[in-house]
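Peer 1: Pasted the sequence and its predicted model underneath.
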Amino acid sequence: MKIAISGKGGVGKTTLAGLLAHVYAGRGRRVIAIDADPDANLASALGFSPETLARLKPIAELEDLIEERTGAKPGTYGAMFKLNPRVDDIPERYSVEERGIRLLVMGTVDKGGSGCVCPESVLLKSLVTHLLLREQEVLIMDMEAGIEHLGRATAGAVDAFIVVVEPGLRSIQTAQTVARLAQDIGVRRVYVVGNKIRDERDRQFILSNLPELPALGFLPLSPLAIEADLQGKAVFDMDPGLVQEAERIADELESRIKTLQ
Ligand SMILES: Nc1ncnc2c1ncn2[C@@H]1O[C@H](COP(=O)(O)OP(=O)(O)O)[C@@H](O)[C@H]1O
Ligand SMILES: [Mg+2]
């Protein structure tokens, strides 16, 4: 199962990624969570301990590794470098694990202009491709409101592309844009999850504004989720109600994928 999560900033992508990682780990699956948002904070949403966090290095900042694998220093444009660097050992060597969830942080690629191809972006893209093609593992990728790390070659390996929205037109607009981008590169199954839902009106707002995207489920607006963020705790340790909804979302996902909907 390979799940990519996108949507506007602040809608709850990281919260959903953390919940789903917890749900799948609880079901005894091997889980790898990928923080692919330049504004990386999945580790704290997973409630990882300070000791674990201290060992965590974003891949894009591993200059020696990037140079060793691509043959060029990060940030060098127009230089000669390998377009298919070795990455198969990176997930195990540079990830951290707690409570059955392995976490890998991609880090920020400083793009010196649009469409640039630089050693670090090539390494990250190769890494994502490798991870998407690995089997027997649930992959959950927390992304920004874009599809930076996905390409035509790997879009088909994404089992579910989830766009998170909150009640409000701005996140709906972002959802429409990102869903189109994903579909354009060949992602087959694009779904929506509504977050911060207060009532039936919020649900209907999302359903009626995104009629073309099947909804996997809805997460309620939760004071406990806010409290978790205040305390730096994992949302799944604070709010059993959200975990229950995430269980339902995971079930819905499994059944849709089985029936290829
Ligand atoms: N269901 C929810 N109820 C209340 N607050 C939420 C909920 N989901 C997320 N939040 C809060 O909204 C903020 C943004 O959530 P986050 O998951 O970091 O969004 P994103 O990753 O999309 O930027 C956080 O402070 C988080 O605690
Ligand atoms: Mg986030």
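Peer 2: Yep, that arrived. Ligands and ions are numbered 1, 2, ... in the order given.

Peer 1: switch to C-alpha atoms for all contacts and neighbour counts from now on
Peer 2: Will do.

Peer 1: any idea how far G100 is from ligand 1?
Peer 2: Distance from G100 to ligand 1, counting by CA to the nearest ligand atom, to the nearest Å: 20 Å.

Peer 1: tally of neighbours for that residue?
Peer 2: The number of residues packed near G100 is 16, by other CA atoms under 10 Å.

Peer 1: excluding its backbone neighbours, what's nearest it?
Peer 2: Nearest non-adjacent residue to G100, counting by CA to CA, 6 or more residues apart in numbering: A25, 5.6 Å away.

Peer 1: for V187, same thing?
Peer 2: A155 (4.8 Å).

Peer 1: And for the one you found, the neighbour number?
Peer 2: Quick note: A155 (other CA under 10 Å) scores 22 neighbours.

Peer 1: Around S255, how many other residues sit close by?
Peer 2: Around S255 there are 11 residues (other CA under 10 Å).

Peer 1: sec struct for it, please.
Peer 2: What DSSP: H, G, I helix; E, B strand; the rest coil gives for S255 is helix.

Peer 1: cool, and L139?
Peer 2: Under three-state DSSP, L139 comes out as strand.

Peer 1: Next one: it from A17, what distance?
Peer 2: 10 Å (CA to CA, to the nearest Å).

Peer 1: so what sits against both of these two?
Peer 2: Shared contacts of L139 and A17, defined by CA atoms under 8 Å, 6 or more residues apart in numbering, comprise A33.

Peer 1: Excluding chain neighbours, what is closest to K2?
Peer 2: K2's closest residue in space is L139 (CA to CA, 6+ apart), at 4.7 Å.

Peer 1: you'd agree that neighbour is up against D35?
Peer 2: No: look at L139 against D35 with CA atoms under 8 Å: they stay out of range, at 10.8 Å.

Peer 1: where are the low-confidence patches of the stretch 1-150 of the chain?
Peer 2: 77-79, 110-116 (pLDDT under 70).

Peer 1: Alongside ligand 1, which residues does the stretch 51-200 of the chain contribute?
Peer 2: N195, K196 (CA under 6 Å from any ligand atom).

Peer 1: All the strands of the stretch 51-200 of the chain, residue numbers only.
Peer 2: Remark: strands assigned in the stretch 51-200 of the chain by DSSP state E, counting those that start in this stretch are 96-98, 101-105, 138-142, 160-165, 190-197.

Peer 1: Please see if the helix or strand containing A17 touches ligand 1.
Peer 2: Element membership for A17 (DSSP states H and E) is helix 13-26. Yes: legend: contact between helix 13-26 and ligand 1 by CA under 6 Å from any ligand atom is shown at K13, T14, T15.

Peer 1: what about N41, distance to V158?
Peer 2: 22 Å.
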